[in-house]
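Participant: sharing a model that was predicted from the sequence below.
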Amino acid sequence: MLKFPDFSTNISSLKLSNTLVEQVPASIQHWTRLRFLDLSYNGKLKTLKNVPEGVSHLNLSYSGIKNVPDCIKALHGLQHLNLSGCRKLATLPELPPQLMFLSANDCESLESVSSHFHTPNAQLNFTNCFELGSSLTLPYPASSRFKICLVIAPNHQFRDYRVSQLLCSRIGKCELHLSSIDEAIKVYRIPRFRTEHLFIFHSDCIEQDKSISETVFEFSSKLHDFEIVECGVQNLTDEMERS
């Protein structure tokens with residue numbers, strides 16, 4: 001398929017992947033009922049100038065996209081954006097704050113992210129974006145009580161899993177009862193990575209128990225397919241969250 005075909009403007013979902021389409025017509029912005037737009041694996045697609053305002057899921061993974069249109073920040077219903085494997089993508093503009101999931105792993109040319117990047121509730125994936133350097137500054141959600149930072153490295157022992165799993169167990173030590181209180185173990189999904197990476201998680205489901213004087217966090221790899229190089233946990237106080 002070389003050209004964008006004619007479709008009814010009343011459709012709610014469009015999957016147009018693995019084609020040779022080079023352009024998306026401007027008229028698509030008038031498709032007010034479109035919610036799911038999948039243009040993945042279209043290597044000839046270099047630009048996308050117009051996106052319908054009602055789109056909630058946009059998949060541009062493994063396309064030839066070089067930049068994300070600035071109009072995307074006005075897509076207030078956008079919840080899921082997949083840019084994985086867009087190897088020519090160099091920058092990320094401001095994104096809508098309602099975004100819940102952004103996957104930008106394997107964007108080998110990605111060098112910068114907008115200083116106005118503010119998606120407080122989004123799960124972000126910048127795995128294998130080596131041009132971003134060693135740090136990336138992003139605002140953190142004020143509702144979180146703990147921020148967890150880990151540097152992990154693959155041990156190259158297992159390669160059968162696409163997603164690794166990090167186990168985080170929290171043990172509260174109570175002075176009043178001279179005992180330890182085992183809390184639920186939380187599992188975090190870790191996407192496949194090729195070199196040492198920094199991962200940041202937050203926990204908004206852990207409440208401070210006034211009877212607990214000390215908390216111990218223990219981290220481990222469920223599948224034993226990576227090593228934990230460094231780890232740290234920050235308790236976010238109300239004063240820190242307001243600043």
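Facilitator: Sure thing, it's come through.
Participant: lowest average confidence, helix or strand, in this structure?
Facilitator: Ranked by mean pLDDT, DSSP states H and E, the weakest helix or strand in the chain is strand 179-182, scoring a mean of 45.
Participant: could you report the neighbour count for the residue lying closest to residue 10 once chain neighbours are set aside?
Facilitator: Of all residues not flanking residue 10 in the chain, residue 33 sits nearest, at 5.5 Å (C-beta to C-beta, 6 or more residues apart in numbering). Using the backbone N, CA and C atoms, a C-beta is placed for each residue, glycine as well. Residue 33: 12 surrounding residues under other C-beta atoms under 10 Å.
Participant: quick one, domains of the chain?
Facilitator: 1-139, 142-243 (automatic domain parsing).
Participant: which one of those domains has the lowest average pLDDT?
Facilitator: Considering the domains of the chain one by one, the lowest average pLDDT is found for domain 142-243, at a mean of 67.
Participant: go ahead and flag the most central residue of the protein.
Facilitator: Centroid-nearest residue in the chain: residue 124, 1.9 Å away (criterion: C-alpha atoms, centre = their mean).
Participant: double-check that one against residue 100; I have them as touching.
Facilitator: No: contact criterion C-beta atoms under 8 Å: residue 124 and residue 100 do not qualify, at 10.4 Å.
Participant: what about residue 28, distance to residue 44?
Facilitator: 17 Å (C-beta to C-beta, to the nearest Å).
Participant: please apply the same query to residue 153.
Facilitator: Taken as C-beta to C-beta, the span from residue 153 to residue 44 is 37 Å.
Participant: identify the residue nearest residue 166 in space, chain neighbours excluded?
Facilitator: Among residues not flanking residue 166 along the chain, residue 188 sits closest, at 4.3 Å (C-beta to C-beta, 6+ apart).
Participant: quick one: that neighbour from residue 224, how far?
Facilitator: Distance from residue 188 to residue 224, by C-beta to C-beta: 16 Å.
Participant: same question, residue 132
Facilitator: Per C-beta to C-beta, residue 132 is found 28 Å from residue 224.
Participant: hmm, back to that, need the winner for burial among the domains of the chain.
Facilitator: domain 1-139 (a mean of 16; mean count of other C-beta atoms under 10 Å).
Participant: ok now that one, how far from the chain's centre?
Facilitator: Averaged C-alpha coordinates place domain 1-139 at 13 Å from its chain's average position (C-alpha atoms, centre = their mean, to the nearest Å).
Participant: check stretch 148-157 too.
Facilitator: The answer for stretch 148-157 is 17 Å, by C-alpha atoms, centre = their mean.
Participant: and the following helix or strand past the least confident helix or strand of the chain, what does it pack onto?
Facilitator: Once the chain leaves strand 179-182, the next helix or strand it forms, by DSSP states H and E, is strand 186-191. Applying 3 or more C-beta pairs under 8 Å, 6 or more residues apart in numbering; DSSP states H and E, one finds that strand 186-191 contacts strand 163-174, strand 197-203.
Participant: the residue nearest to residue 166 reaches residue 201, doesn't it?
Facilitator: Yes: under the criterion of C-beta under 8 Å, residue 188 makes contact with residue 201 at 5.5 Å.
Participant: list residues touching both of the two?
Facilitator: Common neighbours of residue 188 and residue 201 are listed as residue 168 (criterion: C-beta atoms under 8 Å, 6 or more residues apart in numbering).
Participant: would you mind measuring the gap between the ends of stretch 22-37?
Facilitator: End-to-end distance of stretch 22-37 (C-alpha to C-alpha, to the nearest Å): 16 Å.
Participant: swap in stretch 55-73?
Facilitator: Note: stretch 55-73 ends 12 Å apart using C-alpha to C-alpha.
Participant: stretch 15-28 now?
Facilitator: 14 Å.
Participant: OK, contacts around residue 71?
Facilitator: Here residue 71 is in contact with 49, 50, 51 (criterion: C-beta under 8 Å, 6+ apart).
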